[in-house]
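> pasting the structure only:
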Ligand code: SAH
Ligand code: SF4
Ligand code: F3S
């Protein structure tokens, strides 16, 4: 309770001793979640404690996302709340990490009165910045061509003890015209595979049963390029799959232009590599894809989907779609809807186009679809996906799946929830099962979002 905090001169020394609680709040993609765990490890090693309780915090870090304007607005509102907390606790330090830190830099100090701004490649500087006692804000936003934090063992925050992320690369050089990531995350670089395997083994020994390998475009993972012992993404997947047959492997995200037959064969070969691919479409119109600089056509994308369906039995397929990109016509939009039906996606993340300054699109193409029209198209996309998800789930009723239990169902504590290999959520009765167990479940009912089953 903030009202209880009063600072007298006598107990200032005491406070200095204990003002070491770090609270980390994370926004944005899974890479940011993985990064927050790296930051957790860095501050812990430097002698700080981590807390889940905002009101116990002496230092607040917000790991932020710039992908759409809304993401940034949310964080800015939150920063105002945090600034308010300082009125009761004047030693409180507030730091912005992640993509907004990289994009906005000193602007965050001026506008949002934060004490620290640390970009995605500068997290090793955090202890140094924290120890500076002067009043000036600490800023470190240099991007690197080499940093992968490979030697840092992340500290799991907010974990279910069953599923974990492993960051296998950083940065992105694809420069999709709408996207800020290449600017906020810098050059693409891959992490030493031995450290990835070591992390997977360590997680398995601690009871984890699923790892998701993370990168902005995992298909371009490459180690020792051009050398005899070159390791590409398919080879890395096989190496992680060999860690233990009881460890499930997933990956995110894969760019359609780079997904290879070798990878599909690897997924098909290993039982413990999940039959699930997230393959962002963005648009079903070749003209839009060209403006987006996605480097594939509608036909190329369809060929990849056909290859997936021919190679991997019962593969779940998910996607990302952007509605109302620059100059999108109704015909372009209908191409997207048509493609969604053709693929029959199991799930999708769907967004209104949000113009980001300095991107290729912001420089070259007017953001000319009115907000209401973008939203109308987006709603059509969302409604279609709801139908497709329901159709896909209905096909599973009556089938049996191996489900990895992740935890208790939020709605009913006598039920558990877990996922199928295809990444669908299944709810079923607890009996004696616990998180981390593999359970054979027969599906008896569904909604568009969830399967309901009975354990066998
Ligand atoms: N690297 C991943 C995507 C990361 S961003 C990939 O290429 O698959 C996640 C999703 O956000 C993208 O797939 C895209 O659909 C969406 N997105 C990115 N920039 C956007 C923007 N400016 N406006 C709206 N959606 C955007
Ligand atoms: Fe952005 Fe494209 Fe890179 Fe994905 S691949 S992060 S959408 S630039
Ligand atoms: Fe957002 Fe940065 Fe991830 S912009 S989506 S947090 S890479």
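Yep, it's here. Source: prediction; values computed, not measured. Residues are numbered from 1 along each chain as shown. Ligands and ions are numbered 1, 2, ... in the order given.

> excluding its backbone neighbours, what's nearest the residue in the stretch 301-450 of the chain that ligand 3 sits nearest to?
Per Cβ to the nearest ligand atom, residue 356 is where the stretch 301-450 of the chain lies closest to ligand 3, at 9.0 Å. To be clear about C-beta, it is placed using only N, CA and C from the backbone, and glycine gets the same treatment. Distance criterion Cβ to Cβ, 6 or more residues apart in numbering; nearest residue to residue 356, sequence neighbours excluded, is residue 180 at 4.5 Å.

> That neighbour and residue 103 touch, don't they?
Yes: using Cβ atoms under 8 Å as the test, residue 180 is close enough to residue 103 to be in contact (6.5 Å).

> what do these two both touch?
Both residue 180 and residue 103 are in contact with residue 66, where contact means Cβ atoms under 8 Å, 6 or more residues apart in numbering.

> With neighbour numbers in mind, choose between the two.
residue 180 (24 against 20; other Cβ atoms under 10 Å).

> what's the helix or strand for residue 277?
Using DSSP states H and E, residue 277 maps to strand 276-278.

> hmm, that strand touching ligand 2?
No: Strand 276-278 lies apart from ligand 2 when judged by Cβ under 6 Å from any ligand atom; the minimum separation is 11.3 Å.

> buried sites along the helix or strand just after that strand?
Sequence-wise, the next helix or strand downstream of strand 276-278 (DSSP H and E) is helix 286-291. Of all the residues in helix 286-291, those buried under the rule 16 or more other Cβ atoms under 10 Å are 286-289, 291.

> Do the helix or strand just after helix 286-291 and ligand 1 come into contact?
As assigned by DSSP H and E, the chain's next helix or strand after helix 286-291 is helix 298-311. No: interface with ligand 1: helix 298-311 contributes nothing (Cβ under 6 Å from any ligand atom), its closest point being 12.7 Å away.

> For helix 298-311, name the packing helices and strands.
If you count contacts as 3 or more Cβ pairs under 8 Å, 6 or more residues apart in numbering; DSSP states H and E, helix 298-311 packs onto helix 261-269, helix 286-291, helix 330-343.

> Between those, which one is closest to residue 303.
Closest to residue 303 of the helices and strands packed on helix 298-311 is helix 261-269 (Cβ to Cβ; 10.8 Å).

> Now the closest one: average pLDDT?
For helix 261-269, mean pLDDT rounds to 98.

> what's the answer for stretch 412-423, then?
On average, the pLDDT along stretch 412-423 is 96.

> end to end, how far does it reach?
21 Å (Cα to Cα, to the nearest Å).

> on that earlier part again, output the helices and strands packed on helix 298-311 as TSV; include the columns distance to ligand 3.
Listed next are the helices and strands packed on helix 298-311 as TSV, based on distance: least, Cβ to the nearest ligand atom, whole Å:
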stretch	distance to ligand 3
helix 261-269	22
helix 286-291	20
helix 330-343	21
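
> Pick the most deeply packed of the ones you listed.
Counting by mean count of other Cβ atoms under 10 Å, helix 286-291 has the highest mean neighbour count of the helices and strands packed on helix 298-311, with a mean of 19.

> average pLDDT for that helix?
Mean pLDDT, computed over helix 286-291, is 98.

> What of stretch 61-74?
So the average pLDDT for stretch 61-74 ends up being 98.

> gap between the two ends of it?
Criterion Cα to Cα; first-to-last residue distance in stretch 61-74 is 15 Å.

> Quick check: chain neighbours aside, which residue is closest to residue 255?
Closest residue to residue 255 apart from its sequence neighbours, by Cβ to Cβ, 6+ apart: residue 217 at 4.2 Å.

> Where does the prediction get shaky in the stretch 51-200 of the chain?
Residue ranges of the stretch 51-200 of the chain with pLDDT under 70: 133-134.

> Which residues of it lie near ligand 2?
With Cβ under 6 Å from any ligand atom as the criterion, the stretch 51-200 of the chain meets ligand 2 at residues 172, 174-176, 179, 181-182.

> same thing but at 5 Å, please
Within the stretch 51-200 of the chain, the positions lying close to ligand 2 (Cβ under 5 Å from any ligand atom) are 172, 174, 176, 179, 181.

> If we only consider the residues you listed, which is nearest to ligand 1?
Nearest to ligand 1 among these, with distances taken as Cβ to the nearest ligand atom, is residue 179, at 4.4 Å.

> what's near enough to touch the closest one?
Residues near residue 179 by Cβ under 8 Å, 6+ apart: 67, 172, 356, 359.

> any idea how far the third one is from residue 225?
By that I understand residue 356. Distance of residue 356 to residue 225, computed by Cβ to Cβ, to the nearest Å: 30 Å.

> same deal with the first one?
Computed as Cβ to Cβ, the residue 67 to residue 225 distance reads 29 Å.

> Between the two, tell me which one has more neighbours.
Per other Cβ under 10 Å, whichever of residue 67 and residue 225 has more neighbours is residue 67, with 19 against 9.

> What does the more buried one show for phi and psi?
Residue 67 adopts backbone torsions of phi -60, psi -40, taken as degrees, to the nearest 10.

> Number the chain from 282, please
Done: numbering now begins at 282, and the last item shifts to residue 348.

> Enumerate every residue touching it.
By Cβ under 8 Å, 6+ apart, residue 348 lies in contact with 309-310, 380, 460-462, 635, 637.

> For the stretch 482-631 of the chain, what lies in contact range of ligand 2?
Close to ligand 2, as judged by Cβ under 5 Å from any ligand atom, the stretch 482-631 of the chain has residues 497-498.

> And for the residue in the stretch 482-631 of the chain that ligand 2 sits nearest to, the neighbour number?
Scanning the stretch 482-631 of the chain for proximity to ligand 2 using Cβ to the nearest ligand atom identifies residue 497 as nearest, at 4.0 Å. Per other Cβ under 10 Å, the neighbour tally for residue 497 reads 23.

> Quick one: residues contacting it.
So residue 497 contacts 312, 450, 452-453, 455, 462, 466, 469, 534 (Cβ under 8 Å, 6+ apart).

> Of those, which belong to helices?
312, 462, 466 (DSSP state H).

> list the buried ones in the top helix by length along the chain?
In the chain, taking DSSP H as the definition, the longest helix is helix 652-677. Within helix 652-677, the residues that count as buried by 16+ other Cβ under 10 Å are 654-655, 658-659, 661-662, 665-666, 669-670, 673-674, 677.

> Redo the residues you listed as JSON lines? Include distance to residue 553 and pLDDT.
As requested, those are exported to JSON lines (distance: Cβ to Cβ, whole Å; pLDDT from 0 to 100):
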{"residue": "654", "distance to residue 553": "45", "pLDDT": "98"}
{"residue": "655", "distance to residue 553": "41", "pLDDT": "98"}
{"residue": "658", "distance to residue 553": "39", "pLDDT": "98"}
{"residue": "659", "distance to residue 553": "36", "pLDDT": "98"}
{"residue": "661", "distance to residue 553": "38", "pLDDT": "98"}
{"residue": "662", "distance to residue 553": "33", "pLDDT": "98"}
{"residue": "665", "distance to residue 553": "33", "pLDDT": "98"}
{"residue": "666", "distance to residue 553": "29", "pLDDT": "98"}
{"residue": "669", "distance to residue 553": "28", "pLDDT": "98"}
{"residue": "670", "distance to residue 553": "25", "pLDDT": "98"}
{"residue": "673", "distance to residue 553": "23", "pLDDT": "98"}
{"residue": "674", "distance to residue 553": "24", "pLDDT": "98"}
{"residue": "677", "distance to residue 553": "21", "pLDDT": "98"}
